[in-house]
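[1] next one to model:
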Amino acid sequence: MPTTRDTASAADTPDDVLDTLARERARALFGYAYLLCGDTRAAEDLVQDALVRTFARLRGGTDVAAAEQYVRTAVLRGHLDALRRRARWATVRHLLHVPGDEETRDHADSVGTGSVVHAALATLAPQERVAVVLRHVEDLTVPEVAHRMGLADGTVKRYLSTASAKLADRLGAALDEDATEDEDHVTVRTRGGR
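    Numbers count the residues shown, from 1 in each chain. Coordinates of the predicted model:
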C-alpha cells in the first residue's frame, strides 16, 4: 500500500501538501527552527509563520519535498528578520524608558533541553548560530550559507571560525577532529590569549 508521500503528485492541492507536511515533517521543521533560535516558543512561531507565508502563496503543482524547502527558507528568513528587528530596536530602546522593563527576563535558560549541543549553541551570537546550523546541519557550502544569510562569504567564514572556536572550547576535542575534515573550515589561532 503506498504511503501518503508516495501518492503525492503534481495534482495534489496545496491543502493536501500542507496536510502531509504538517503530519510527517512537523518535528523536523520545528527541530530546524529550534536549532536556529534556541527557544521553543520562538521556534513554534517561526514554523507557524513560515507555513502560513508559504501556503498563502502556493498555487498547486508542488510536491511535499519542494514545499518543505520553501518552508525551511521561510523559517530562516523569518529568524533573520527577527534578529534584524531586535538589533534595530536595541539601538533606539534607550529612547523609550518603560517602567518595570528592567525586570523583564528571558526564561528560555530555565527550560532544560538536556543537550550539551543545544547548550553550546546557546553560547553563540545569533548570526554565528545561524551560520553553524546552515553549514553543519543543513550541510550547505560557505557560499550557499552566505547567499541564504545575505552576507559576504568572508563574513560567513568569520562567523563560522568564531563559532567553531567557541564550540570547541565548550564541546572539547571531538569537534576539532570533525572540523579538520571540513574543507571550508577556517582554523583559528589566538594570539596573546585573545
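
[2] and for Ala22, nearest residue in space, chain neighbours not counted?
    Leu51 (7.4 Å; C-beta to C-beta, 6 or more residues apart in numbering). C-beta coordinates here come from the backbone N, C-alpha and C atoms, glycine included.

[3] check which element follows the helix or strand hosting the one you found along the chain.
    Of the helices and strands defined by DSSP states H and E, Leu51 is found in helix 40-57. Following helix 40-57 in sequence order, the next helix or strand is helix 64-92 (DSSP H and E).

[4] what's the spacing between the nearest residue to Leu134 once chain neighbours are set aside and Tyr70?
    Spatial nearest neighbour of Leu134, excluding adjacent residues (C-beta to C-beta, 6+ apart): Val145 at 4.5 Å. Distance of Val145 to Tyr70, computed by C-beta to C-beta, to the nearest Å: 18 Å.

[5] ok, now Leu140?
    In this view, Leu140 and Tyr70 are 16 Å apart by C-beta to C-beta.

[6] same question for Thr20.
    14 Å.

[7] now do Asp81
    Counting by C-beta to C-beta, the gap from Asp81 to Tyr70 is 16 Å.

[8] with Leu21 instead?
    As judged by C-beta to C-beta, Leu21 and Tyr70 stand 10 Å apart.

[9] repeat for Tyr32
    As judged by C-beta to C-beta, Tyr32 and Tyr70 stand 13 Å apart.

[10] more neighbours, the two?
    Of the pair Tyr32 and Tyr70, Tyr32 is the one with more neighbours under other C-beta atoms under 10 Å, namely 24 against 18.

[11] residue contacts, the more buried one?
    By C-beta atoms under 8 Å, 6 or more residues apart in numbering, the residues touching Tyr32 are Arg72, Val75, Val133, Val137, Glu138.
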